[in-house]
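A.B. asks: Starting from these lines, generate the structure:
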Amino acid sequence: MTILVVDDEMDIKLLFEQRFRRELRSGELNLAFCYSGEQALTYLAEHPSQTQLVLSDINMPGMSGLELLRHIREQYQAPPPAVMMLTAYSDEQTRQQALTLGADDLLSKPVDFPALKAKLKNVA
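C.D. replies: Model prediction:
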């Protein structure tokens, strides 16, 4: 499974690589990183159908994660990647907006990695 992690915080890469070290070494998981919504759309265009899950922060400069979600749902139909949103500000309005736009899930920051790993089994 390939996961595209989209977050404007550069240290997210090291964190995810540490938390998924075993899965990365075994080859059961590949991680790609983009640091903006715009960069993520470019990545997805260059790697069509290779990404099974997009894990995106909501609050980013430039294109927000919700805007990215909207673009993904409009542009990628068959088969579309699953999209899970990450936010440090989990309120009901944001949750409803994300779900209305087609998010598969909304996760709170800091990321609960054991819970995320359990959710990944449903995506695979």
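
A.B. asks: Flag the shaky bits of this protein, pLDDT-wise.
C.D. replies: Confidence mapping of the chain against pLDDT under 70 gives the ranges 124.

A.B. asks: So which residues of it form helices?
C.D. replies: 12-19, 21-26, 37-46, 65-75, 92-100, 113-123 (DSSP state H).

A.B. asks: Tell me which residues are up against the fifth one.
C.D. replies: In this structure, residues lying in contact with helix 92-100 by CB atoms under 8 Å, 6 or more residues apart in numbering are 58, 66, 69, 85, 87, 106. Using the backbone N, CA and C atoms, a C-beta is placed for each residue, glycine as well.

A.B. asks: How many residues are close by the fourth one?
C.D. replies: Same thing as Met85. Neighbour count for Met85, taken as other CB atoms under 10 Å: 26.

A.B. asks: beta partners for it?
C.D. replies: For Met85, the beta-bridge partners under DSSP bridges are Ser56, Leu106.

A.B. asks: Give me the residue at the spatial middle of the protein.
C.D. replies: Taking CA atoms, centre = their mean, the centroid of the chain lies closest to Leu55, which sits 0.9 Å from it.

A.B. asks: before we move on, back to that, need the helices of the chain in TSV with distance to Val5, can you?
C.D. replies: Converted to TSV, those look like this (distance: least, CB to CB, whole Å):
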stretch	distance to Val5
helix 12-19	6
helix 21-26	12
helix 37-46	9
helix 65-75	11
helix 92-100	17
helix 113-123	11
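
A.B. asks: which one of these is the most hemmed in?
C.D. replies: Comparing the helices of the chain by mean neighbour count (mean count of other CB atoms under 10 Å), helix 65-75 ranks first with a mean of 19.
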